[in-house]
Each structure stands twice: as C-alpha cells, then as structure tokens.
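S.K.: have a look at this prediction, sequence included:
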There are 2 protein chains.
Amino acid sequence: MKNPIRTVSIIGAGNVAFHLARAFVQNTVQVKQIYNRTLHKAERIGEANKINYTDKISELEPADLFVIAASDSAITELSLHIPFDDTMVVHTSGSIPMSALKGNYRKGVLYPLQTFTKGKFLDYDDIPFFVEAESPENAEQLKDLAKRITNQVQIIDSDQRAKLHLAAVWACNFVNHMYSMGEEITKDAGLSFDYLKPLIKETAEKLEDLSPFEAQTGPAKRNDQIVIEKHLELMENSAARDLYRIISDSITQTHNNEL
Amino acid sequence: MKNPIRTVSIIGAGNVAFHLARAFVQNTVQVKQIYNRTLHKAERIGEANKINYTDKISELEPADLFVIAASDSAITELSLHIPFDDTMVVHTSGSIPMSALKGNYRKGVLYPLQTFTKGKFLDYDDIPFFVEAESPENAEQLKDLAKRITNQVQIIDSDQRAKLHLAAVWACNFVNHMYSMGEEITKDAGLSFDYLKPLIKETAEKLEDLSPFEAQTGPAKRNDQIVIEKHLELMENSAARDLYRIISDSITQTHNNEL
C-alpha cells in the first residue's frame, strides 16, 4: 500500500473522540494532537492517552489525517478551519454526508457503528467501521487505518450510511426506550428492574441463533387480543397505551402478512 | 420446612414444559410424569430427561405438585382434569391469575421470567421465578422448590405478576420487533444485519452500569429534528414511518419532562 496514513489528529473531544483516541493509541496509530475549543475536555483525553492537546486551531500541525469527531451541527464549521490542503479530513457521523466537509483537502468518512458511553471501555476490535472517500485509493487508505483498530471494515457510500444509521436508531435508541418503559412498569409494581435483566440479555443473545423475525414471541405475534386488552387496561399513562397498541399492531401485521 | 414438595408432574409439552422438566431433572427434583394430549411431544421431553410420559389423564399418578405449563387459553380446562384433591396445582403464565385454576386442590403459580426458545439451553440459575399461592405456607413450599433451580425467587401476587408480564413484553417482545425493523432497513441498504449485532449487545450490556433512562442516546433524546426528518424520508413503508415518529415523540417527551 502506498501512502499509508501515519499520523492522525482529532478535532473534537466528545464521546466518539474519547474512544477513537483510545483505540488509535492502543493500536499504535500515532495521534499528534487533540483540538477542542473547550481546553479542559481536550486535556482530559490528551492526558489519558499521552497526546498533545490545544484549544487553538492556529496551533494545529500537519498530519496525514484529521478526524472531525464532533456533533453533526458542528462538522461543516470545523471543516472550514482545517488549515491545510495537502491532507485528508474525515468526519465520524452516521447521518451527515461526506459533502458536508468544505475544504480543498481530500474528504472522507470514518463511521464506527457503536453506542459510546463516557468512561465505559469497549473492545474496539468488535466494532464495525464504515469508510467512504472521494477515490478508491483514499478509501483503501482509510480502510487500512481502520483495520488497525477493528476486524470489520466496510466501504459504503453516504446513502448506505444514512440507512445504517437509521437501522441503528431502531436497534439501539428505540430498544433502549422499550427498556425504559419496562423499567417504569416494574417500578410501578413495586418490583426491581433487575428482574428484567436476564430476559433482556437473552433477547439480545437469541440473535446468535435466530433472525429477529424468527425470534419474535409474545401476545402481538400470536394476535392474542385477550392479553393485549388486559395490558392496555394496566397502563395508566395514555401515551404508553398508544405506543403499546401501535407496536403490537405492527408486530401482528408483520407476522400475519408472512403467514 | 415441613412438607417439602418431593414429586412433580408436568402437564403440557411446549417450550416452558421442555425447559422446566430439564431444570427440575438437572437439579434432582423428581419429575414423575409428563402429560400431553399429543403423545409425541410428551415423548420428546420424556425421552430426553428420562421421565415417564402419557397422553391419558387417567394414567396420571399422585404427585406433590402438578405444573400446568400450557397456553393461557388451555389452563382452566386442564385444571379441571387433575384427578386428585390432596395435591398442589400451579400454572406458569404471566398473564393469567391464580384464580383461573378450578379444582379442590391447593392452587398456586410458578412463573419463570424468561424467553424460552425450543432447543436452546439456558442457565436456569439466572432466571427469576415468581411464586404465588393461597397460603404463606404453600408459597414457602413453592419458593423452596424454585430455589433448587434458581437463585432468584420472589413471592408476588397476581396483580404484580400481570404488570411484570407487561414489562416483559416491552423489554423482550417489543425490543425484538425493533431489531426486526433494523434488520429490514439494513437488508434494504444491501448490508448484513450482522453489522448491528455488536451495537445490540452493547445496548443491552450498558444496563449493567446505567438505568435505561440514563443510557438513552440518539436524535429523539436530543430532539434533533434535522436527523429525525431525514430518517422519516428514508422509510418507504408508511407504517414504519408512523412507528418511528410515535416512538421518537415518546423519547423526546420522556426526556424533556425530566429536564
């Protein structure tokens, strides 16, 4: 491979920046600098990983790659301030197209598909990374870099990435909201949410053997209106009741269309 | 403890019966018989666990406990046919009250809170069991029996159990439907559902450290209408779009009420 990426600097100091910095350093990728406009956040990541940090764009030094790991709304603004042209700049967002980067440098995306929690360490080699670039050569450079962190790297375009991000909202954010509803109901019954945890674990682990379609169980799949009506009566909060009804209808329809 | 339950017979041969039989036998509880009106299903469980099996109610022998592990709609009918009075009879359903058992025997419930898959073995000692009975003494007898299988046994009443079952529908059945929606979208993008699995695993594992309320992330929690609108446009299926919108609204409201 000609022109491998040897040096990386990170723009931003949120959760993704925290974990990417750690993942790079653990895998001996040289991280030159962390930039963040609030110095103490850059400092936190810099000190933890022995990386130089700054809150001044003018202090950025040349690097082979700048990774903008910032909120969606900050990406374009930050991309305008990278003070070099002969470099590559990527963002890490699932929902923002590569074209949101505005500059004369080479552009790309490095999207890790995972939910990152502050301070909770992860096995980065399990996390799928999705890369996009303006040329096949640049995509290969990014892919080689990501392969130093993880076993799963895939080149996809901005449209595919947007769909993947949407799928992740269902499989992570919406799933977590279902957990929340379960927690509310157990609390209301005077019971600990902990009782649900083995069930939650097994529901996720079932996917090792079965597709979600095959794994579906419960009253809505059986179209068991007796249980469904009982459950609707148990929910005092009418918003929860509406949600229960529409999700149950969706399950019933999914499984009856296929019969 | 006086009068411990020494012998158990199982009525029914579905998933719960399969797993309960196995859990009892593994923990040296004597299972005398499996009854099912379709003989080959009783045979499958009987042969696998070295338990006698029958398809004739008249062949049932006395036992300290009969466990009706059958579909909700079959429980009352089966309960009428237990040919003994000096015994205890329980069902295993989350959503059916103890009073659905009709007979002159002592009545109870033994509810294992887990999703059981045919042929997939589980660590039974992790599964919470919930018991109910007509007297404290009978409840203690059931509790002692369940403790031979699992570390987590709790005495609760029929109302609490109904709520727990409702919570389980959210945390398991509805969660699995969210996985299904994610699978549909990844397939539509030409990508493997496998890419979502590390995310799904981590979303469940986060609950070891955080409550679901604390663990919530994503566009709806941030009330990020730009991403939400993009996602709504990506979904061709209007039923999926409606579901996305109502779940997102629920997340946004939950997290804005608390701010």
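M.R.: Cool, the structure landed.
S.K.: so which bits of the stretch 1-150 of chain A are right by chain B?
M.R.: A:72-73, A:95, A:113-115, A:117, A:120, A:122, A:126-128 (Cβ under 8 Å from any Cβ of the partner chain). From N, CA and C alone the C-beta is placed, and that goes for glycine too.
S.K.: list the contacts for residue A:13?
M.R.: By Cβ atoms under 8 Å, 6 or more residues apart in numbering or on different chains, the contact list for residue A:13 reads A:34, A:36, A:38, A:41-42, A:44-45.
S.K.: actually residue A:49, not the one I wrote
M.R.: A:21-22, A:25, A:31.
S.K.: the stretch 1-150 of chain A: helices as residue ranges?
M.R.: Counting by DSSP state H, counting those that start in this stretch, residue ranges of the helices within the stretch 1-150 of chain A are A:15-26, A:39-49, A:75-79, A:136-147.
S.K.: mind checking which of those helices is nearest residue B:156?
M.R.: Across the helices of the stretch 1-150 of chain A, residue B:156 has its closest neighbour in helix A:15-26 (38.8 Å, Cβ to Cβ).
S.K.: what packs against the closest one?
M.R.: In terms of contacts (3 or more Cβ pairs under 8 Å, 6 or more residues apart in numbering or on different chains; DSSP states H and E), helix A:15-26 is packed against strand A:7-11, strand A:30-35, helix A:39-49, strand A:106-112.
S.K.: ok, 6 Å please
M.R.: Here helix A:15-26 touches strand A:7-11, helix A:39-49, going by 3 or more Cβ pairs under 6 Å, 6 or more residues apart in numbering or on different chains; DSSP states H and E.
S.K.: list the buried residues for it?
M.R.: A:15-25 (16 or more other Cβ atoms under 10 Å in any protein chain shown).
S.K.: same deal with stretch A:124-138?
M.R.: For stretch A:124-138, by 16+ other Cβ under 10 Å, it's A:124, A:127-133, A:138.
S.K.: could the contacts of residue A:13 go into CSV alongside neighbour count and pLDDT?
M.R.: Listed next are the contacts of residue A:13 as CSV, based on neighbours: other Cβ atoms under 10 Å in any protein chain shown; pLDDT from 0 to 100:
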residue, neighbour count, pLDDT
A:34, 28, 98
A:36, 23, 97
A:38, 9, 96
A:41, 18, 96
A:42, 25, 97
A:44, 15, 96
A:45, 24, 96
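S.K.: which of those residues sits closest to residue A:248?
M.R.: For the contacts of residue A:13, the nearest to residue A:248 is residue A:41 (43.6 Å; Cβ to Cβ).
S.K.: measure the nearest residue to the closest one once chain neighbours are set aside to residue A:117 for me?
M.R.: Once flanking residues are discounted, residue A:41 sits nearest to residue A:13: 3.8 Å by Cβ to Cβ, 6 or more residues apart in numbering or on different chains. According to Cβ to Cβ, to the nearest Å, residue A:13 stands 16 Å off from residue A:117.
S.K.: which two in the buried residues of helix A:15-26 are spaced the farthest apart?
M.R.: Checking the buried residues of helix A:15-26 with Cβ to Cβ, the most distant pair is A:15 and A:25, at 16.2 Å.
S.K.: for the closest residue to residue A:92 other than its chain neighbours, phi and psi?
M.R.: Nearest non-adjacent residue to residue A:92, counting by Cβ to Cβ, 6+ apart: residue A:69, 4.8 Å away. Phi and psi for residue A:69, reported as degrees, to the nearest 10, are phi -110, psi 80.
S.K.: let me see the contact set for residue A:69.
M.R.: A:10, A:12, A:16-17, A:20, A:92 (Cβ atoms under 6 Å, 6 or more residues apart in numbering or on different chains).
S.K.: tell me how far it lies from residue A:163.
M.R.: Noted for residue A:69: a distance of 22 Å to residue A:163, by Cβ to Cβ.
S.K.: and for residue A:200?
M.R.: Residue A:200 is 26 Å from residue A:163, by Cβ to Cβ.
S.K.: cool, residue A:174 as well?
M.R.: With Cβ to Cβ as the criterion, residue A:174 and residue A:163 are 15 Å apart.
S.K.: any idea how far residue A:220 lies from chain B?
M.R.: 7 Å (Cβ to the nearest Cβ, to the nearest Å).
S.K.: so that residue makes contact with residue A:249?
M.R.: No: using Cβ atoms under 6 Å, residue A:220 makes no contact with residue A:249, being 7.6 Å away.
S.K.: quote the end-to-end distance of stretch A:150-164.
M.R.: 18 Å (Cα to Cα, to the nearest Å).
S.K.: now swap in stretch A:165-179 and tell me
M.R.: 20 Å.
S.K.: try stretch A:61-81
M.R.: Span of stretch A:61-81 from end to end, Cα to Cα: 13 Å.
S.K.: with stretch A:34-44 instead?
M.R.: 10 Å.
S.K.: list of residues touching it?
M.R.: A:10-11, A:13, A:45-46, A:51, A:53-55.
S.K.: do that again at 8 Å, thanks
M.R.: Residues contacting stretch A:34-44 (Cβ under 8 Å, 6+ apart): A:9-14, A:17-18, A:21, A:45-46, A:51-57, A:59-60.
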